[in-house]
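K.L.:
I'll drop the sequence and a predicted model, then ask my questions.
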Amino acid sequence: MLKLFKTILKAGEATLKYPFAPLPVCDNFRGKPEHQPEQCIACAACAVACPANALTMSTDAEAGTITWSFFVGRCIFCGRCEEVCPTKAIVLSPEFELAVANAADMYQHATFKLAQCSECGEYFAPKKEVEYTADLLKQAGMTAEAVESIDHLLHTCTDCKRKQNVPEAHQVEFTRYLKGNEA
Amino acid sequence: MSVSAETKIGRHYIEALRQRFPAAVLQEEWQTKDQVTVTVKLNSLPEVVEWLYYDQGGWISVLFGNDERSIHGNFAVYYVLSMEAGVKCYVVVRAEVDARTGEFPSVTPKVAACVWGEREIRDMYGLKPVGLPDERRLVLPDDWPDNLHPLRKDTMDYRVRPEPTSDVENYKFVCDATGETREVPLGPLHITSDEPGHFRLFVDGEDIVDADYRMFYVHRGMEKVAETRMGYDEVPFLADRVCGICGFAHSVAYTTSVENALGIVVPERAQVIRSIFLEVERLHSHLLNLGLACHFVGFDTGFMQFFRVREKSMTLAELLTGARKTYGMNLIGGIRRDIQKAERLATLKLVGELKKEVTELVEMLLETPNLAQRTSGIGLLDRKIARDYSPVGPHVRASGFARDTRADHPFCGYKLFPMPVRTKDTCDVLGRVLNRVEEFFDSIDFLERAIAGMPNGPILVEGFKYTPHKFALGFTEAPRGEDIHWSMLGDNQKLYRWRARASTYANWPPLRYMLRGNTVSDAPLIVASIDPCYSCTDRVTMIDVRKGKSTTVPYSEIERYGRERKDSPLK
C-alpha cells in the first residue's frame, strides 16, 4: 500500500493543460495535408495515389478548368500524396485539430485552367502541367529555342498527336536530348 | 514461386497424406517453402482435415470460401492448418465445390474449430455445409435477405444496402442446460468500439449455467471493399484499420501474404523495422489489458497508473511512425520510413523508462490481494476445449500450449531476433494476466536487441511483377494471438479474394465453456481476459429459468457489481 502512495506521489500531475496550452507533437507527426496551389500543377498524381479517395480531381470541359478537391473527412493521413507529388505542392503538417463548425469547411478546392489543343481546340491538359513539361525539357538540357520549336507538339492533344505522328516521324529525334545525346 | 524439392519444409505431411488417403489428393502446390496447398476430393475433406488436425498436430488457423467460378467453374473452400508438432509449416486443404449444388460435407462434427468458418462460408457464399450442427447466421444480420450472399462475384456492388426483411430480432440463443435457468443478456451494443456483441447468460441464481453470444453487429465488409474498390497496393492502409489496437499486425499480415504470393524478398532491415513496430504495438496493447485487469478487479488506482505509463508507449509509436495508432508504414515490398539514429536513441530511452516504471506497477499489482482472489481459478479454459477450438495468443498459452507464431513460423525480424514462448498451466484469468506481464518484458527486451542490432541496407524493394491469380498466406503474432491473411491476386491490379482473420475471431468460440460454472460477477472479468477488441457490451439481460422472469440491467451496473460484489442486480 505504501508503495502505491509513493508511486502516485512520484507520478505528480499527469493531466496536461491542453487545450489551454498547445500540445507538442513529434517531429515526424503526420497531420492534415497542406496544399500550396501556387506550387501545384494539377497533375493528379496525389488523387491517383490516395487510398481513401480524400483527394479527387474533376474536369469542367465547358469552362476549361480542372478542380483539385480535398475532403479532410476521408483523409487517413498516410502521406502517400506527399510522397508522389512531383512539385512538393502537398506536405503533411503537424496540424491535428480538425473539428469545424460548418461541414463545408472540411472541403478544400483549387481550380486550375486547362490548355487548349492548338490543332482541334479541345481542352486536353492543365496549363501549368504543360508549362512544367517545357521547363523540364529546358532543365534536361534543351535550349530555349529548341523548346520553342517544339511548342506546337507540347500544345497538341494526344488524339491530334497520333494523327500527325506519321508525317512528322522525322522530327522524333528531339527525344535524344532527353537521353543525354547517346545517338 | 517454384520451390525445389529439397527445401520443401513439411513435405512428409503430404507424403503421409497420400499414403493414408491414396485416392483423395488431387493436386499439391507450394506457395513458399513452408506453405503448401493440397486439393482433395470433396468427400474426403472432413477425414483429411481431421487427420491433419488430431493425428499430425495441426491447428485450424482460418477457413474460408472463394468464388472461383470465373477461373474454373467451381467454388472452392480452403482449410488452413498450422502444423505445430515437430516440423512446423502451413498446410492448406482445398476442395472444389460444385456451383450447381453448392454443397460440401461439414468438417465441424469432426473438428469443432471449424464452426465459425463454416457458418461464415454459408452466409457469404450461400454454400451449404452438409451436417453442420449450428445452422444459424454468423456474419449477416437477422434482417438480411435470404438469397443475397455478399462475397459471390455476381451478387452485389459493395455500396448496396438492402432493405431489412424483418423488424424483429430472430436469432436463437443456444442453451445446453438441463434444469431451469435465468437468462442474462449482456448487450446488444454500444457503438464506441469496433465490434459490439450481445451476450446471453443463462443463470441459476448467481451461477452461469451456459452462455451464448452474437457478434458482427457492425461488420464492415472490408473484404468486399478490398476486392472491389481498392488496388492491391492500397489495401495495406485498409488492413491498418481492421483493428484500432493491433492494426499494424494486420497490415504486416496482408503485405506478407502478397509478398509470399509474388515471391518478393523483403530487405532484412525492413523486416526488422516491421517487427520493432509490432512489438511497440504489443507494449501499448498489453499495458491496456493490464490496466483493464486492475479495473475489473476493483483496483482503479492501478488502472490509472497503467494508463499513465502506457502513454510512453504511445509516444514511442508517434516518434517512430508519425502516428499514435494506424501507423500506415507498410507497402508491398517493405516499409516507408527508416529509423534514424536520433530516433533509435530516443526509443532506447523511452523503453528503459517503461521497463522501470512497469516493473514497479506490476509488483504493486501482484501484491494486491484482490487480484489473486478474483482471478485465480476463474474462467478456466480446459486444455481439451483449447485443443478442440484452436484459440490463439495469451489465451491458449495460459492453458499450457506453446503456440506463438513468432516462434512457430518465424516471420519478419523474428528470424534474426528469436522470441521466447511463455506459457502458464493454470488455465485461468490470472494465468492470462501473468502471461501478458512476461510477454511485455520480452517485448522490451526484443526492442533493445533489435534497435541495437538493426541490419543495414534498403528498406523497400520495387519493380516486382504483379502475377494474376497467385495466392499465399501471411501471418503475424498480434498482441492477442495469430492474425492470418490469405490473398489471391486478380487480373486488374486488385485482389480477387482477401481473407483477414483477426486473432479474437479464433478466441470467441471457446468463451462459452469458460463462462460456465462461474458467477455473474465474474463474467466481465472473463470476457476481458481474452482481451477482445473490447466489445462494449453495455447491457445485460438476465433470464431466470426458475422464475421465468427476464430483467435487463445496464452493463455499468453489472460491471459495478463485478467490482464491488454488493447489492446484486439480480435480486
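P.N.:
Received it, and whenever you're ready, just let me know what you need.
K.L.:
Test for you: state the pLDDT assigned to residue 175.
P.N.:
Since no chain was named, I'll use chain A. Looking at A:Thr175, its pLDDT stands at 59.
K.L.:
that's the wrong chain, I meant chain B
P.N.:
For B:Cys175, pLDDT reads 83.
K.L.:
SS state for residue 51?
P.N.:
In the absence of a named chain, chain A is used. At A:Pro51 the chain is in coil, as set by DSSP: H, G, I helix; E, B strand; the rest coil.
K.L.:
should've been chain B
P.N.:
Classification of B:Trp51 by three-state DSSP places it in helix.
K.L.:
my guess is it contacts B:Gln19, does it?
P.N.:
No - with contact defined as C-beta atoms under 8 Å, B:Trp51 does not count as touching B:Gln19 (11.2 Å). Every residue, glycine included, has its C-beta placed from N, CA and C.
K.L.:
Neighbour count for these two, which is higher?
P.N.:
B:Trp51 (19 against 9; other C-beta atoms under 10 Å in any protein chain shown).
K.L.:
Quick check: what element follows the longest helix seen in chain A along the chain?
P.N.:
The longest helix of chain A (DSSP state H) is helix A:127-139. For helix A:127-139, the succeeding helix or strand toward the C-terminus, using DSSP states H and E, is helix A:144-149.
K.L.:
for chain B, which spans come out with low pLDDT?
P.N.:
Applying pLDDT under 70 to chain B flags residues B:1-3, B:6, B:186-196, B:533-555, B:569-571.
K.L.:
Up against chain A, what does it have?
P.N.:
Counting by C-beta under 8 Å from any C-beta of the partner chain, chain B comes close to chain A at B:230-231, B:234, B:237-238, B:241, B:301-302, B:305, B:308, B:311, B:315, B:318-319, B:321-323, B:326, B:328, B:336-337, B:360-361, B:363-364, B:367.
K.L.:
So which of the residues you listed are in helices?
P.N.:
The members of the residues of chain B next to chain A that map onto helices under DSSP H are B:237-238, B:301-302, B:305, B:308, B:311, B:315, B:318-319, B:321, B:360-361, B:363-364, B:367.
K.L.:
Out of these, which comes closest to B:Tyr79?
P.N.:
Nearest to B:Tyr79 among those, counting by C-beta to C-beta, is B:Leu238 at 25.4 Å.
K.L.:
Burial check on the closest one, number of neighbours?
P.N.:
B:Leu238 has 24 neighbouring residues, counting by other C-beta under 10 Å.
K.L.:
That one: what's it in contact with?
P.N.:
Contacts here follow C-beta atoms under 8 Å, 6 or more residues apart in numbering or on different chains; on that basis B:Leu238 touches A:51, B:222, B:225-226, B:230.
K.L.:
Can you dump the C-alpha atoms of the lengthiest strand in chain A in CSV for me?
P.N.:
If you go by DSSP state E, chain A has its longest strand at strand A:107-116. This file holds the C-alpha atoms of strand A:107-116, laid out as CSV (Å, rounded to 0.1, in the frame of the first residue of the first chain):
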residue,chain,number,x,y,z
TYR,A,107,-13.5,20.6,-48.2
GLN,A,108,-10.8,22.5,-49.9
HIS,A,109,-10.8,23.2,-53.6
ALA,A,110,-8.3,24.7,-56.1
THR,A,111,-9.3,25.3,-59.7
PHE,A,112,-6.8,25.4,-62.5
LYS,A,113,-7.1,26.4,-66.2
LEU,A,114,-6.8,23.8,-68.9
ALA,A,115,-4.7,24.2,-72.0
GLN,A,116,-6.4,24.1,-75.4
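K.L.:
And the buried ones among the ones in helices among the residues of chain B next to chain A, selectable in PyMOL?
P.N.:
Typed into PyMOL, the next command selects the buried ones out of those (criterion: 16 or more other C-beta atoms under 10 Å in any protein chain shown):
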select buried, chain B and resi 237+238+302+305+308+315+318+319+321+360+361+364
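K.L.:
Tell me how many other residues crowd residue 42.
P.N.:
Answering for chain A, as no chain was given. By other C-beta under 10 Å, 25 other residues sit near A:Ala42.
K.L.:
that's the wrong chain, I wanted chain B
P.N.:
A count of nearby residues for B:Leu42, using other C-beta under 10 Å, gives 18.
K.L.:
Is it correct that it is in contact with B:Val97?
P.N.:
Yes - at 6.6 Å, B:Leu42 counts as touching B:Val97 under the criterion of C-beta under 8 Å.
K.L.:
how far away is B:Ala261 from B:Arg69?
P.N.:
Distance of B:Ala261 to B:Arg69, given as C-beta to C-beta, to the nearest Å: 21 Å.
K.L.:
These two: which is more packed in?
P.N.:
B:Ala261 (25 against 14).
K.L.:
that's a helix at the more buried one, yeah?
P.N.:
Yes - under three-state DSSP, B:Ala261 sits within a helix.
K.L.:
Spit out the contact partners of it.
P.N.:
B:1, B:31, B:467, B:470-472, B:487-489.
K.L.:
which residue sits closest to B:Leu416, ignoring its sequence neighbours?
P.N.:
Excluding its sequence neighbours, the residue lying closest to B:Leu416 (C-beta to C-beta, 6 or more residues apart in numbering or on different chains) is B:Val272, at 6.3 Å.
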